[in-house]
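*Asks:* Give the three-dimensional model of this entry:
(2 chains)
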Amino acid sequence: MRIKRNYMIFGLFLWIAAWIGNVYYFKVLKEPFFLKHYYEVREGMQTISLYYIDMANREDKITSIYFPEIDYKPVILNKTISIHSGNYDLKSIELNLLQGDDKEILDKIKNTLVTKIEVEYKNGEKRVIDIGRIYIYTENKINSDILSFRSISSISGGRTIATFRANDNLKIKKLNYEFMDMDGLLGLKVNGKVVNGDEPSTIIAKDEELTVEANFEFNKESSMKYNVYNFFVNVEFETLDGKMGVNSFAVNNQFIGKDIFNALKYSKSGVNK
Amino acid sequence: MNKGAYKYLFWGMMYIFLNIHIGYLNILPNFVGYIFILYSLNLLSGEIEILNKAKLPTIVLIPIGIKDILEQNYLYKLLETQYSIIILKFLNSLEVVLFLYVLYILCQGISSVLRDRGLLKIEKSINNAFRTFFIFSVLVIFFDPFSLNLPLEFGYIAIISAIVCCIIGLYLGYLFKKIGDAI
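*Replies:* As a prediction, the model looks like this:
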């Protein structure tokens, strides 16, 4: 097999060009890049996980996380690699918000909103980072006597379907969640009918089932899909004799391996709110 | 004709294509393989002039091959600078390019000797093996720079190509040994 000299030179030229191009686009993270989190944490949930992207094979340097807005430092329980993809890892850090039933701490962090964290690294450096919006220990007004929870299923592609059972004749008044202000975040359906923030006014007879579907509806270009979501959709209802109540179900999204590369595009500019 | 040179070539190929790790340590590092190849090039270049062209790239390969003593991921951690991934990946890529050239010259030179001696069957085997090795090496060479920016899922192309290269490399080593026995 003989290879012409010109072909060799052309091949070498392509190889060098491929290196120059890829080194130019390669993003070296000097420090971990935290994703934006949109969480609603209800009482009874003791831990939360925060996600960040770091270079693969790099020793983790985070020693503590502090919530400056509420002057509270949760305990770090563990750090794990959730996804390994190419030269990057998606890691998660699990924080213990409340140990046991410490009333003093509960009162301090209850009904608070965290939008920033202060991360401390091994070398003593500290960084304040926008973390999204984390509502801690929101009030839980669930009334499961009238509308009882039956089942929930999460389908890939960010769809969640929850089923409830009406124990009385009732009218569905409203569906809401903490992040209603984020346009195009969630598409909602009640018994298969699309609800766009209006009053669904669906009537459910006693012993009938109610199906509520929530679907993360980011468009392909939106940076919203690189955030992490974990919150509750509230179903507000009213019985025919005027008794009001709420039940809810949890929705969350899943981050997949190849999203790491796309999410990094926003490591300088910050992911959309 | 220096029969011993072909044995050194065989051992060179073994050291380059077999990697046995004990902990972080590779007990068959590539640079030893390159020293064997350089030694056999010196022995054979008197008879096969074209092999002189492969000497300089092989000399460059020896220091590059030293990094192979330690397991790659361990090396990344050890040299923890921001750009260590780029530097190490580039050196790996350069190593494949230079070695492909060395093997090309070796196969060319040895084929000409085999043709002169009428050993056409083994010459054909060498040429076929090198052709396959060349195709898969080019895949590895071009995957390396793109691996900086591609998700892990694409890495399987490179892993399969690298495994094929290793098998063909070992087969070429076996053929070199066979030539030593035949002439």
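
*Asks:* In PDB, list the C-alpha atoms belonging to the worst-scoring helix or strand of chain B on mean pLDDT.
*Replies:* In chain B, no helix or strand scores lower on mean pLDDT, DSSP states H and E than helix B:72-78, which sits at a mean of 71. Extracted in PDB, the C-alpha atoms of helix B:72-78 (Å, rounded to 0.1, in the frame of the first residue of the first chain):
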ATOM      1  CA  GLN B  72      -4.300   7.700  31.900                       C
ATOM      2  CA  ASN B  73      -7.000   8.800  34.400                       C
ATOM      3  CA  TYR B  74      -4.400   8.700  37.200                       C
ATOM      4  CA  LEU B  75      -2.200  10.900  35.000                       C
ATOM      5  CA  TYR B  76      -5.000  13.400  34.500                       C
ATOM      6  CA  LYS B  77      -5.400  13.700  38.300                       C
ATOM      7  CA  LEU B  78      -1.600  13.900  38.900                       C
END
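
*Asks:* Okay, now the unreliable bits of the stretch 1-150 of chain A?
*Replies:* Low-confidence segments of the stretch 1-150 of chain A, defined by pLDDT under 70: A:100-101.

*Asks:* which residues touch the residue of chain A most remote from its centre?
*Replies:* Computed with C-alpha atoms, centre = their mean, the residue of chain A farthest from its C-alpha average is residue A:2, at 56.9 Å. When contacts are counted by C-beta atoms under 8 Å, 6 or more residues apart in numbering or on different chains, residue A:2 is found next to residue B:108. Quick note: C-beta positions are derived from backbone N, CA and C, even for glycine.

*Asks:* helix or strand for it, which one?
*Replies:* Assigned by DSSP states H and E, residue A:2 falls within no helix or strand.

*Asks:* Any idea how far the longest helix along chain A is from the middle of the chain?
*Replies:* Using DSSP state H to define each element, chain A has its longest helix at helix A:5-25. On the basis of C-alpha atoms, centre = their mean, to the nearest Å, helix A:5-25 sits 41 Å off its chain's mean C-alpha point.

*Asks:* Just the residues contacting it, thanks.
*Replies:* With C-beta under 8 Å, 6+ apart, helix A:5-25 has contacts from B:86, B:90, B:93, B:97, B:138, B:141-142, B:145-146, B:148-149.

*Asks:* in that helix, what counts as buried?
*Replies:* By neighbour count on 16 or more other C-beta atoms under 10 Å in any protein chain shown, the buried set for helix A:5-25 is A:11, A:15, A:18-19, A:22-23.

*Asks:* go on, stretch A:242-262?
*Replies:* A:245-251, A:253, A:255, A:257-261.

*Asks:* re earlier: buried residues, the least confident helix or strand of chain B. List them.
*Replies:* Using 16+ other C-beta under 10 Å as the test for burial, helix B:72-78 gives B:75-76.

*Asks:* And stretch A:113-130, by the same measure?
*Replies:* Of the residues in stretch A:113-130, A:114, A:117, A:119-120, A:129 count as buried by neighbour count, 16+ other C-beta under 10 Å.

*Asks:* ok, so of those, who is nearest chain B?
*Replies:* residue A:119 (18.3 Å; C-beta to the nearest C-beta).

*Asks:* hmm, back to that, reformat the buried residues of stretch A:113-130 into a markdown table and put secondary structure and distance to residue B:4 next to each item.
*Replies:* Formatted as a markdown table, the buried residues of stretch A:113-130 follow (DSSP: H, G, I helix; E, B strand; the rest coil; distance: C-beta to C-beta, whole Å):
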| residue | secondary structure | distance to residue B:4 |
| --- | --- | --- |
| A:114 | strand | 73 |
| A:117 | strand | 67 |
| A:119 | strand | 62 |
| A:120 | strand | 63 |
| A:129 | strand | 64 |
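
*Asks:* Please enumerate the helices of the stretch 51-200 of chain A.
*Replies:* A:103-109 (DSSP state H, counting those that start in this stretch).

*Asks:* For it, what lies in contact range of chain B?
*Replies:* Within reach of chain B by C-beta under 8 Å from any C-beta of the partner chain, the stretch 51-200 of chain A has these residues: A:55-59, A:84-87.

*Asks:* Buried subset of these as a ChimeraX selection?
*Replies:* Isolation of the buried members of these (16+ other C-beta under 10 Å) is achieved in ChimeraX through the command below:
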select /A:55,56,57,58,85,86,87
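
*Asks:* Tell me if residue B:180 really is in a strand.
*Replies:* No - with DSSP: H, G, I helix; E, B strand; the rest coil as the criterion, residue B:180 is helix rather than part of a strand.

*Asks:* re the thing from before, and the next helix or strand past the least confident helix or strand of chain B?
*Replies:* Using DSSP H and E, the next helix or strand after helix B:72-78 towards the C-terminus is helix B:84-116.

*Asks:* what's the angle between that following helix and helix A:5-25?
*Replies:* Here the directions of helix B:84-116 and helix A:5-25 differ by 170 degrees (axes from the mean of the first three to the mean of the last three C-alpha atoms, to 10 degrees).

*Asks:* Give me the contact status of helix B:84-116 with chain A.
*Replies:* Yes - on the criterion C-beta under 8 Å from any C-beta, helix B:84-116 is in touch with chain A at B:85-86, B:90, B:93, B:97, B:104, B:107-108.

*Asks:* List the buried residues in whatever helix or strand comes next after that helix.
*Replies:* Toward the C-terminus, helix B:84-116 is succeeded by helix B:120-146 as the next helix or strand (DSSP H and E). Neighbour-count burial for helix B:120-146, counted by 16+ other C-beta under 10 Å, picks out B:122-123, B:125-126, B:129-130, B:133-134, B:136-146.
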